[in-house]
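Engineer: build me a model:
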Amino acid sequence: MDLPSLDTHPAPPPFALHRPVRQTAPLVFASPHSGRDYPPTFLAAARLDPLALRRSEDSFVDELFAAAPRYGAPLLAASFPRAFCDANREPWELDPEMFSEPLPPWVNSASPRIGAGLGTIARIVATGSAIYRDKLSFAEAEARIRCCWEPFHASLAALVAETRASFGACLLIDCHSMPAPPVPAGRRVDFVLGDGHGTTCAVHAVRTVEEILTGLGYRVRRNDPYSGGYITRHYGRPREGVHALQIEIARDLYMDEERIERLPGFGRLRQGIETLLAGLCTSAGALFSG
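Structural biologist: Now for the predicted structure:
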């Protein structure tokens with residue numbers, strides 16, 4: 001049964017789906033954390049200002065990968081923000097301390113992500129500051145999950161299934177950004193590739209991404225500190241012909257994290273991502289070997 005929105009303003013669509021005129025590559029790109037449509041009632045309930053809330057976003061990642069349809073692959077981008085509902089979590093990872101009444105017994109209230117304050121409905125933003133002034137009702141969380149999380153994943157699952165049916169296999173690229181990791185001088189990392197430590201994606205696909213990025217001069221690491229979240233681990237089933245790889249991009253390559261603004265390097269990075277898109281889509285036939 002459809003749940004009514006608890007917001008009084010017309011809700012925007014929960015995602016944008018950008019399809020190619022004809023899909024010619026066995027790839028699907030997803031950006032679950034770049035959404036920036038903040039409902040007024042959410043802003044009113046938050047103790048943080050809008051800029052502080054935006055620091056949980058993977059800002060502009062959907063724009064970095066916007067050329068995917070030109071290379072024959074669809075791009076699915078959430079429009080709802082991560083601080084409102086996190087599409088890279090299980091649907092019902094909820095912190096009981098956030099709610100004004102007991103949660104249903106089937107809710108996952110004991111995951112490590114909840115302990116960190118980052119469940120499906122987050123308690124904190126990425127900087128560690130608490131989001132809400134008061135406790136929420138379970139009805140509010142349920143409405144967000146039904147109206148945001150579920151439509152996003154229904155669309156993503158359909159794209160993956162369509163792609164596998166058409167090509168025999170599918171590579172899902174889960175697109176994210178990360179704070180520049182604090183590493184010793186000379187050991188900086190620009191991209192982290194997460195394949196669940198070798199469990200969610202064919203080795204050759206990971207190696208292809210790595211080689212294209214290092215060929216562009218970027219420093220790439222695997223699975224440290226990000227080995228893949230819910231999307232990568234849920235959809236990545238190589239034995240069933242579905243491969244999933246998470247890509248994390250260091251934000252200081254392209255944006256000012258304090259102001260949430262694009263830096264001059266944004267254009268150069270977008271060109272590099274386009275080179276990656278072209279390389280993956282033209283070598284698609286060999287991605288699933290090895």
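
Engineer: list the buried residues in stretch 255-272.
Structural biologist: Neighbour counts over stretch 255-272 (16 or more other C-beta atoms under 10 Å) mark 255, 257, 260, 262-263, 266, 269-270, 272 as buried. Using the backbone N, CA and C atoms, a C-beta is placed for each residue, glycine as well.

Engineer: from the residues you listed, which ones fall inside helices?
Structural biologist: Judged by DSSP state H, the buried residues of stretch 255-272 include 266, 269-270, 272 as members of helices.

Engineer: quick one on the thing from earlier: tell me which two in the buried residues of stretch 255-272 are the farthest apart.
Structural biologist: Of all pairs drawn from those, the greatest distance, 21.2 Å, lies between 260 and 272 (C-beta to C-beta).

Engineer: contacts only, for residue 250.
Structural biologist: When contacts are counted by C-beta atoms under 8 Å, 6 or more residues apart in numbering, residue 250 is found next to 177-181, 188-191.

Engineer: try it again with 10 Å
Structural biologist: 177-181, 188-192, 218-219, 269 (C-beta atoms under 10 Å, 6 or more residues apart in numbering).

Engineer: residue 221 pairs with what?
Structural biologist: residue 192 (DSSP bridges).

Engineer: surely it meets residue 210?
Structural biologist: Yes - if you go by C-beta atoms under 10 Å, residue 221 and residue 210 touch, sitting 9.3 Å apart.

Engineer: the more surrounded of these two?
Structural biologist: Between residue 221 and residue 210, counted using other C-beta atoms under 10 Å, residue 221 has the larger neighbour count: 19 against 16.

Engineer: and the gap between the more buried one and residue 193?
Structural biologist: According to C-beta to C-beta, to the nearest Å, residue 221 stands 7 Å off from residue 193.

Engineer: what touches both of these two?
Structural biologist: Common contacts of residue 221 and residue 193 (C-beta under 10 Å, 6+ apart): 210, 248.

Engineer: burial of residue 241, as a residue count?
Structural biologist: For residue 241, the neighbour count with other C-beta under 10 Å is 17.

Engineer: quick check: it vs residue 205, distance?
Structural biologist: Residue 241 is 12 Å from residue 205, by C-beta to C-beta.

Engineer: what touches both of those two?
Structural biologist: 169, 171, 288.
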